[in-house]
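**Q** this is a predicted model, with the sequence first.
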2 protein chains.
Amino acid sequence: MSVGEVCKEIESRSPRFVESLRKLVKQPSVSAKGTGLAECADLVKEMMAEAGIEAELIGVEGAPPFVYGEALAGKPGARTIIFYNHYDVQPPEPLELWSSDPFAAEVRGGKMFGRGVSDNKADIVSRINLVKVFLDSGGLPCNVKFVIEGEEEIGSPHMPALVERHAERLKADACIWESGGLDEKDRPEITLGMKGILYVELLSRVANRDAHSSLGAAVANPAWRLVWALSKIKGEDERILVPGWYEDVRPFTEKELEALEKMPMEEELIKADLGVEEFLLGASGMELKRALVGGPTATICGFQSGYAGPGSKTVLPSTASAKLDFRLVPDQKPGKLLKALESHLAHQGFGDIKIVPLSQEEASRTSLDEEIVHCASEAASRTYGRDAVIKVSSAGSGPMYLFTNRLKIPSVCVGCTHAFENAHAPDENLRLDVFIKGTEWVARTLDLFGKRDP
Amino acid sequence: MSVGEVCKEIESRSPRFVESLRKLVKQPSVSAKGTGLAECADLVKEMMAEAGIEAELIGVEGAPPFVYGEALAGKPGARTIIFYNHYDVQPPEPLELWSSDPFAAEVRGGKMFGRGVSDNKADIVSRINLVKVFLDSGGLPCNVKFVIEGEEEIGSPHMPALVERHAERLKADACIWESGGLDEKDRPEITLGMKGILYVELLSRVANRDAHSSLGAAVANPAWRLVWALSKIKGEDERILVPGWYEDVRPFTEKELEALEKMPMEEELIKADLGVEEFLLGASGMELKRALVGGPTATICGFQSGYAGPGSKTVLPSTASAKLDFRLVPDQKPGKLLKALESHLAHQGFGDIKIVPLSQEEASRTSLDEEIVHCASEAASRTYGRDAVIKVSSAGSGPMYLFTNRLKIPSVCVGCTHAFENAHAPDENLRLDVFIKGTEWVARTLDLFGKRDP
């Protein structure tokens, strides 16, 4: 059966696709609270088995089960694509802002509403069901593997252990990542990487308790210590002041710069959405794109000290803390930068400030020359009748580096979701037309990748 | 009757002193919550009337009643002392840390425990009752006036209006302030002034809502703006960087420096109490005393932005705020410095940061040459058999400037409380021996001040 016929079959089975998505969304699986994870893993494994995928749960101590699956192509010597997904979801709170129960998976106006519907259960259901369509229609164009974790929303703390212990089983020629779909203007968008992250907490502690602020004349203030230390980390020109911070930054290739030029950027839309008059340092165009796609950042995600309630309280705080999120680009190394940060602060006279690393991930970036990129791109044109937007990297982070950097598997985001889907927010939703069309896009990507077998 | 006999009479009436203190402490009067204020004002007025003081309530719109009282000396042409006190108290919370009900005024081991017992109801009861003893024993050595407010614990917001409108009635030759008594080693301590204060909130706002921290590459971060702005306000050498900040600082006089030299400072005790190894910038001795008694300060009392809870959250905050407490010394002007701060921040490129003034008070300082200082000092020697410690200024602030700077009344803190009384904290307490002895001290101060009539 041709891939065109497979796509028709996907369309004709769309009620079944929607039905299995509803079933999966109705199973809560909130990793932050540890609720429903084992049940959800079982349900995913069961769905795989029903689709003809050989499925099992893989345990890693302290983690909810990983769901692993395999289905072979009809022909010998076929190449392999691995799908990375996660069955866990963000907490649904604040509940009062939802128009319907976040776990009811209600369909209204061509959309399904529910926590996790777009992030990332739609892709799970899409990919499992499309394998079934292939298997029912003469066989898969390439081997497929699935690895589906239950902790992506809390930073994938056990993915490194899984990848280390099961490197052999996870081997593949390309990886299709969890997200991907249509952008703000319904253009298919293929993302080729993610930024890395070094997330630390800085802690300053002086006295054993808060004191009257008149003592500010005589006793050190942890809030001031933290302010001064932070001011040594990034200057007003947004340049990170830690020596060596930019040393390993891999420059954009010519092709990446071309892709960046072509990449549309809805500047006015983003500004209006956030209510800001201009971007950082007045950036726009290429400068803005370079920053978002390839710029190392240092973001204060929060700080806290003393009294911050209404009115005034004359208190000398005893502690102060800040959370700092450094986004990294290829080939920056979070461990090396953590050490550089520690020695910079010590060198600047702030060795008293404790640095607690909370998260470390490398950046990942797949070359524009990779065959999976060409296949996904060509498949987008055939599915949507228009060229895909190539996004060299997401501004966000994720465990993709485990695939690109550790397992050396080129990885792309191609999927069935879309902009304005309210991921991580109330009324998370999925357009059902994009759900089906995105499934066809993945089907054509597999088909093209299978055809180019060596 | 001689003042020695008056003191004996005070001692013999000590059960009555304790009884009226218990009655006043049992009347809650929490200004922060507005509870019991009118009732407490009535009770104080009634106590005054019973003591033979002509008492009335003075209203200022929006304020709980001020209690005003007058009692004349037996002889014509006598000079006048005004007592400043407050009948309001701090909230008693956290209740679970009290050993007995904060409004039960329980006596245990020679101490009375209760909210407000030392701050500042003991002085109210002491002063009212000592006037009665004088009146019962042949008359007062000088005229006395009372002004007792109900909002000291929330920053005396209506005292300026009272002083402005009733300047004539509040006229006096000297003022005895609300606090004063024995220090950590039971030495009588006379404080001659208070620091001023400028308390502001700094607010930075960028976007209309928090966003994903990956946008840190493209959108300004209010937490960074605030950090950079704060780093322009005070340097790591503790020097305030606002131009002109130190311009009006009145230097210590020779006599003040002598008093500072003589003033004991329990450095080890304070360090041990707070669990710090050294004072700010390694100060000790005169340097430390100068800072506490006469050094302008800039203290961050608190700051807040974004996420500061457990673990990590990748958020770009939309707002950040900080509370800053500047302690001022004579003759710094809070209004002038507020303007200087505003123009400094604007000049440094931080005009986007909003500055909200929350409190402004000038510093006050009474000269060591004032007769009331000599009288209080001599009275201390006669009462305690040892020299008083002269403290040129408290490190804290208060509305004393309204008396010293506006009404031009020299003011001193002389009273019946003591160190370790847990003011503002659970188990606030008052040693009953100090209560009575401190009353005698005030009686002798009045007596000496009366004798030196021109």
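**A** Nice, thanks for sending it over.

**Q** show me which residues of the stretch 351-454 of chain A sit near chain B.
**A** A:358-359, A:394-397, A:424 (Cβ under 8 Å from any Cβ of the partner chain). C-betas here are computed from N, CA, C, even on glycine.

**Q** before we move on, what about the stretch 51-200 of chain A?
**A** Counting by Cβ under 8 Å from any Cβ, the stretch 51-200 of chain A sits next to chain B at A:155, A:195, A:197, A:199.

**Q** pull the most distant pair out of the residues of the stretch 351-454 of chain A next to chain B.
**A** Largest separation among these by Cβ to Cβ: A:L358 and A:S394, giving 20.4 Å.

**Q** now, the residues of the stretch 51-200 of chain A next to chain B that are in strands?
**A** Members of these lying in strands (criterion: DSSP state E): A:197, A:199.

**Q** what's the closest of the residues of the stretch 51-200 of chain A next to chain B to chain B?
**A** Taking Cβ to the nearest Cβ as the measure, A:Y199 is the one of those closest to chain B, at 4.7 Å.

**Q** nearest spatial neighbour of that closest one, skipping sequence neighbours?
**A** In this structure, A:Y199 finds its nearest non-sequential neighbour in A:S359, 3.9 Å apart by Cβ to Cβ, 6 or more residues apart in numbering or on different chains.

**Q** can you give me the neighbour number for the one you found?
**A** By other Cβ atoms under 10 Å in any protein chain shown, the residues close to A:S359 number 19.

**Q** list the contacts of A:K437.
**A** Neighbouring residues of A:K437 by Cβ atoms under 8 Å, 6 or more residues apart in numbering or on different chains: A:383-384, A:416.

**Q** can you lay out these as TSV showing pLDDT?
**A** TSV is the format used below for these (pLDDT from 0 to 100):
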residue	pLDDT
A:T383	98
A:Y384	97
A:C416	98
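
**Q** who touches the helix or strand bottoming out on mean pLDDT in chain A?
**A** Lowest on mean pLDDT, DSSP states H and E among the helices and strands of chain A sits strand A:211-212, with a mean of 88. With Cβ under 8 Å, 6+ apart as the test, strand A:211-212 has contacts from A:219, A:314-316, A:318, B:274, B:396.

**Q** which SSE is the residue nearest to A:Y199 in?
**A** Assigned by DSSP states H and E, A:S359 falls within strand A:354-361.

**Q** centroid residue for chain A?
**A** Nearest residue to the geometric centre of chain A (Cα atoms, centre = their mean): A:G398, 4.5 Å.

**Q** does that residue touch A:M194 like I think?
**A** Yes - A:G398 is within contact range of A:M194, at 4.8 Å (criterion: Cβ atoms under 8 Å).

**Q** quick one: contacts for the residue nearest to A:Y199?
**A** Contacts of A:S359 (Cβ under 8 Å, 6+ apart): A:155, A:197-199, B:312.

**Q** which one of these is nearest to A:M265?
**A** Checking these against A:M265 by Cβ to Cβ gives A:I197 as the nearest, at 22.4 Å.

**Q** pretty sure the closest one contacts A:E361?
**A** Yes - with contact defined as Cβ under 8 Å, A:I197 counts as touching A:E361 (4.9 Å).

**Q** give me the residue ranges of the stretch 151-300 of chain A where confidence is low.
**A** Within the stretch 151-300 of chain A, no range satisfies pLDDT under 70.

**Q** quick one: the helices in it?
**A** Assigned by DSSP state H, counting those that start in this stretch, the stretch 151-300 of chain A shows helices spanning A:159-165, A:222-231, A:254-262, A:267-274, A:285-294.

**Q** point out the most buried one among those helices.
**A** Counting by mean count of other Cβ atoms under 10 Å in any protein chain shown, helix A:222-231 has the highest mean neighbour count of those, with a mean of 24.

**Q** that one to helix B:222-231, inter-axis angle?
**A** On the basis of axes from the mean of the first three to the mean of the last three Cα atoms, to 10 degrees, helix A:222-231 is oriented at 110 degrees to helix B:222-231.

**Q** distance from the chain centre to helix A:222-231, please.
**A** Its chain's average C-alpha position is 32 Å from that of helix A:222-231, according to Cα atoms, centre = their mean, to the nearest Å.

**Q** and for it, what's in contact with it?
**A** A:202, A:204-206, A:300, A:303, A:305-306, A:317-322, A:324, A:345, A:348, A:350, A:352-353, B:224, B:227-228, B:230-231, B:234, B:236, B:299-300, B:302-303, B:322.

**Q** inside strands: which ones of those residues?
**A** Among these, the residues falling in strands (DSSP E) are A:202, A:204-205, A:300, A:303, A:305-306, A:319-322, A:324, B:299-300, B:302-303, B:322.

**Q** follow-up on the earlier one: export the helices of the stretch 151-300 of chain A as CSV, with columns for distance to B:S20.
**A** Formatted as CSV, those follow (distance: least, Cβ to Cβ, whole Å):
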stretch, distance to B:S20
helix A:159-165, 72
helix A:222-231, 44
helix A:254-262, 81
helix A:267-274, 63
helix A:285-294, 71
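
**Q** domain-wise, how is chain A divided?
**A** A:3-194+A:363-451, A:196-246+A:295-360, A:250-289 (automatic domain parsing).

**Q** and B:K121, which of those domains is closest to it?
**A** Checking the domains of chain A against B:K121 by Cβ to Cβ gives domain A:196-246+A:295-360 as the closest, at 20.3 Å.

**Q** start to end distance for the closest one?
**A** 7 Å (Cα to Cα, to the nearest Å).

**Q** likewise stretch A:243-257?
**A** First residue to last in stretch A:243-257 (Cα to Cα) measures 27 Å.

**Q** please apply the same query to stretch A:47-55.
**A** Stretch A:47-55 has an end-to-end distance of 9 Å (Cα to Cα).

**Q** now swap in stretch A:113-122 and tell me
**A** Distance across stretch A:113-122, first residue to last, is 11 Å (Cα to Cα).

**Q** and the residue nearest to A:K255 when sequence neighbours are not counted, how close does it get to A:E378?
**A** Spatial nearest neighbour of A:K255, chain neighbours left out: A:L368 (4.5 Å); criterion: Cβ to Cβ, 6+ apart. Counting by Cβ to Cβ, to the nearest Å, the separation of A:L368 from A:E378 is 13 Å.

**Q** how about A:G180?
**A** Using Cβ to Cβ, A:G180 is found at 15 Å from A:E378.

**Q** and for A:G77?
**A** Distance, A:G77 to A:E378, by Cβ to Cβ: 22 Å.

**Q** okay, these two: which has more neighbours?
**A** Set A:G77 next to A:E378 and count neighbours by other Cβ under 10 Å: A:E378 wins out with 16 against 8.

**Q** ok, the nearest residue to that one once chain neighbours are set aside - contacts?
**A** Computed as Cβ to Cβ, 6+ apart, the closest residue to A:E378 that is not its neighbour in sequence is A:L448, at 5.7 Å. A:L448 makes contacts with A:374-375, A:378-379, as judged by Cβ under 8 Å, 6+ apart.

**Q** let me know the helix or strand that A:L448 is in.
**A** Per DSSP H and E: A:L448 is located in helix A:432-451.

**Q** please put the alpha-carbon coordinates of that helix into PDB.
**A** Provided in PDB are the C-alpha atoms of helix A:432-451 (Å, rounded to 0.1, in the frame of the first residue of the first chain):
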ATOM      1  CA  LEU A 432      -8.100  17.500  16.000                       C
ATOM      2  CA  ASP A 433      -7.500  18.400  12.300                       C
ATOM      3  CA  VAL A 434      -3.800  19.000  13.200                       C
ATOM      4  CA  PHE A 435      -3.700  15.800  15.200                       C
ATOM      5  CA  ILE A 436      -4.600  13.700  12.100                       C
ATOM      6  CA  LYS A 437      -2.600  15.800   9.600                       C
ATOM      7  CA  GLY A 438       0.400  15.700  11.800                       C
ATOM      8  CA  THR A 439       0.100  11.900  12.000                       C
ATOM      9  CA  GLU A 440       0.200  11.900   8.200                       C
ATOM     10  CA  TRP A 441       3.300  14.100   8.300                       C
ATOM     11  CA  VAL A 442       5.100  11.600  10.500                       C
ATOM     12  CA  ALA A 443       3.900   8.700   8.400                       C
ATOM     13  CA  ARG A 444       5.400  10.300   5.300                       C
ATOM     14  CA  THR A 445       8.600  11.100   7.200                       C
ATOM     15  CA  LEU A 446       8.900   7.400   8.100                       C
ATOM     16  CA  ASP A 447       8.100   6.400   4.500                       C
ATOM     17  CA  LEU A 448      10.800   8.600   3.000                       C
ATOM     18  CA  PHE A 449      13.400   7.600   5.600                       C
ATOM     19  CA  GLY A 450      12.600   3.900   4.900                       C
ATOM     20  CA  LYS A 451      12.900   4.400   1.100                       C
END
